[in-house]
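Trainee: Build me a model:
(4 chains)
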There are 2 protein chains.
Amino acid sequence: MSPRPAPDLDRRRDQITATARELAEAEGWAAVTMRRLAKELGATQPVLYSAFPDGRQSLVDAVALSGFTEIAATLESVPPEPAARMRAYLDFATRHPRLYEAMFALPSGLEFGASSSPEPLRRAFAAIQAAFPGADARAEVAWAALHGLATLQAGGRLPASRAQARVEHLDKMLARAESTG
Amino acid sequence: MSPRPAPDLDRRRDQITATARELAEAEGWAAVTMRRLAKELGATQPVLYSAFPDGRQSLVDAVALSGFTEIAATLESVPPEPAARMRAYLDFATRHPRLYEAMFALPSGLEFGASSSPEPLRRAFAAIQAAFPGADARAEVAWAALHGLATLQAGGRLPASRAQARVEHLDKMLARAESTG
DNA sequence: CGAGATAATCTAACAATGTTTTATAACACC
DNA sequence: GGTGTTATAAAACATTGTTAGATTATCTCG
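Mentor: Next up, the predicted model:
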C-alpha cells in the first residue's frame, strides 16, 4: 500500500506564483484566469487547486507576499536614509505596477498590523521605519505619502513630469518634521 | 411613424447609479452584479444596458464620478485651510469606503490630468490646491499623503489608534513646507 | 518480476457572471 | 383604428472560478 509520490508542492507553488506574476505584469490581472494560467504552465486547472486549495484569492495573496519579500530586500539594500529609501520604494512600485497592485489595491486576505501578519510585511514596514526614526506617526505618514504617490502616479492621476519635484518636496517636508519627533 | 416614448435615461441612470452605490456600500462591490442590481431595481438586465450601453464598467465609473462631485462639494464647504480640508477629505473616505474604492482603487475608465478629464475631478483637486497654495508639487504631495492615509487606514493597514496623531503630523509637515513654495 | 492499493491527475460538469440576441409588447402618429 | 418604430423581456451565449467522478501512474508487497 503505497501511493503515487506526492509532488513537491512548495516548488509547484513557487512556479505557479512566478508565472501568475509574469502574466499579470504582462497583461494585467484580469488576464490571470485559472484556465489561462494552467495553459501557460502546461497543466490543468485542478493542479492549481492542489497547490492552492483556497483558490485564486490565495494565489494572488501568494504573489503579493512575494512582492513584500522583494520590496523589503530592495529597501534594505540601500542606506536607511529618507531620500534613498523613498526613491527605492517609488522605483519598485514603478517597475512592478501589477505586483504593487496585488500588494495594495487588489482584494487581499493578508493580515496587516497585527502580530499575526506575515513576516515580509513587517520587514517591509520596518525598512521604512528605519529611515524615519522618531514617533511612529512619522514613519506611518511617510509610508502613506509614498503609497499615495505610487498609486496616483501609476494610475496616471498625477503628471509624470513633476514626479521628481514631488519626491524632493516630500523629502524636505519629512526632513523638517524630524525634530518634531 | 412614431416610436414608443424614450424613457428618461438621465433619470434612470441616476437611479441605477444610486442603487449601485448603496448596494456596494452595504455589501461590497463584489455583490454589485448586473442581475442583483436589476432585481434590486425591479427591472431586468437589458434595462441596465439601455442606460449604460458600455456595461458594468461604465456604471462603476458613474458611481465614481458621483463620488468626485460629492467630495468636491464637501471640501468646498469648509474653509480652504490645510487642517480643515484634510479632515474633510479623510472623513469622506472613512464614511464612504466603497465609494472611495470606486473612485481610486477599482479599475476605472475615468480620465485624469488631461484637460479632457471630467469637471468633478478637476474641481475636487482644485479644492485641495486651494488649501495648499504655492508650487503644484505641494498640493500634489498633500493629496498623495491624504490618499495614502485614506487607503491604508481603510484596509486596516495602519492602526486606527494613531489616526489622529498622523493627521497632526501631516498638518505640521505641510505647514512647514509652505515657505518652500 | 508482477499485482494491487493509493493518491495525483484529467475530463467534464456545475453554478454564476457579463453581455447579447430574438421575440414580444407598448406607444405615438396618420 | 391601423402601422411602424422602439423599449422591454425572456432566454441564450461565452467565460469565469470551482468541484466531482473517473482514470492513470507509481510504489510496495508478494
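
Trainee: Name the next helix or strand downstream of the helix ranked longest in chain A, please.
Mentor: What stands out as the longest helix in chain A, according to DSSP state H, is helix A:56-76. Next in sequence after helix A:56-76, counting helices and strands by DSSP states H and E, comes helix A:82-95.

Trainee: CA atoms of that following helix as CSV?
Mentor: The C-alpha trace of helix A:82-95 is given here as CSV (Å, rounded to 0.1, in the frame of the first residue of the first chain):
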residue,chain,number,x,y,z
PRO,A,82,14.9,59.1,3.7
ALA,A,83,15.8,60.1,0.2
ALA,A,84,17.4,56.8,-0.7
ARG,A,85,14.6,54.6,0.6
MET,A,86,11.9,56.9,-0.8
ARG,A,87,13.4,56.6,-4.2
ALA,A,88,13.8,52.8,-3.8
TYR,A,89,10.2,52.5,-2.8
LEU,A,90,8.8,54.5,-5.7
ASP,A,91,11.2,52.8,-8.1
PHE,A,92,9.9,49.4,-7.0
ALA,A,93,6.3,50.5,-7.5
THR,A,94,7.0,51.9,-10.9
ARG,A,95,8.9,49.0,-12.1
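
Trainee: what's the angle between that helix and helix A:56-76?
Mentor: 150 degrees (axes from the mean of the first three to the mean of the last three Cα atoms, to 10 degrees).

Trainee: Please work out which residues outside helix A:82-95 touch it.
Mentor: A:70-71, A:74-75, A:77-79, A:100, A:127-128, A:130-132, A:142, A:146, A:149-151, A:153-154, A:163, A:167, A:170-171, A:174-175 (Cβ atoms under 8 Å, 6 or more residues apart in numbering or on different chains). All C-beta spots, glycine's among them, are computed from the backbone N, C-alpha and C.

Trainee: cool, stretch A:97-109 as well?
Mentor: A:21, A:24-25, A:28-29, A:57-58, A:60-61, A:63-64, A:66-68, A:70-71, A:92-93, A:147, A:150-151, A:154, B:30, B:105, B:151, B:155.

Trainee: filter the contacts of helix A:82-95 to the buried ones?
Mentor: Among these, those scoring as buried are A:70-71, A:74-75, A:78, A:100, A:127-128, A:131-132, A:142, A:146, A:149-151, A:153-154, A:163, A:167, A:170-171, A:174-175 (criterion: 16 or more other Cβ atoms under 10 Å in any protein chain shown).

Trainee: Mind checking which of those residues are in helices?
Mentor: Those of these lying in helices (DSSP H): A:70-71, A:74-75, A:100, A:127-128, A:131, A:142, A:146, A:149-151, A:153-154, A:163, A:167, A:170-171, A:174-175.

Trainee: Check those residues one by one and keep those near DNA strand D.
Mentor: Near DNA strand D, taking Cβ under 7 Å from any atom of the strand as the test, no member of those is found.

Trainee: pLDDT below threshold where in chain A?
Mentor: A:1-4, A:176-181 (pLDDT under 70).

Trainee: What residues does it have near chain B?
Mentor: Residues of chain A lying close to chain B (Cβ under 8 Å from any Cβ of the partner chain) are A:30, A:104-105, A:107-108, A:112-113, A:135-138, A:140-141, A:143-149, A:151-152, A:155-159, A:162, A:165-166, A:168-170, A:172-174, A:176-177, A:180.

Trainee: Restricted to buried residues, select those in ChimeraX.
Mentor: Applying 16+ other Cβ under 10 Å to these, the buried members can be selected in ChimeraX as follows:
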select /A:104,105,108,112,113,135,137,138,140,141,143,144,145,146,147,148,149,151,152,155,157,158,162,165,166,168,169,170,172,173,174,177
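
Trainee: what separates residue A:161 from DNA strand C, distance-wise?
Mentor: 34 Å (Cβ to the nearest atom of the strand, to the nearest Å).

Trainee: try residue A:55
Mentor: 13 Å.

Trainee: from memory that residue sits against residue A:49, does it?
Mentor: Yes - under the criterion of Cβ atoms under 8 Å, residue A:55 makes contact with residue A:49 at 6.8 Å.

Trainee: and residue A:35, how many residues sit next to it?
Mentor: 10 (other Cβ atoms under 10 Å in any protein chain shown).

Trainee: That's all I had, so thanks and see you.
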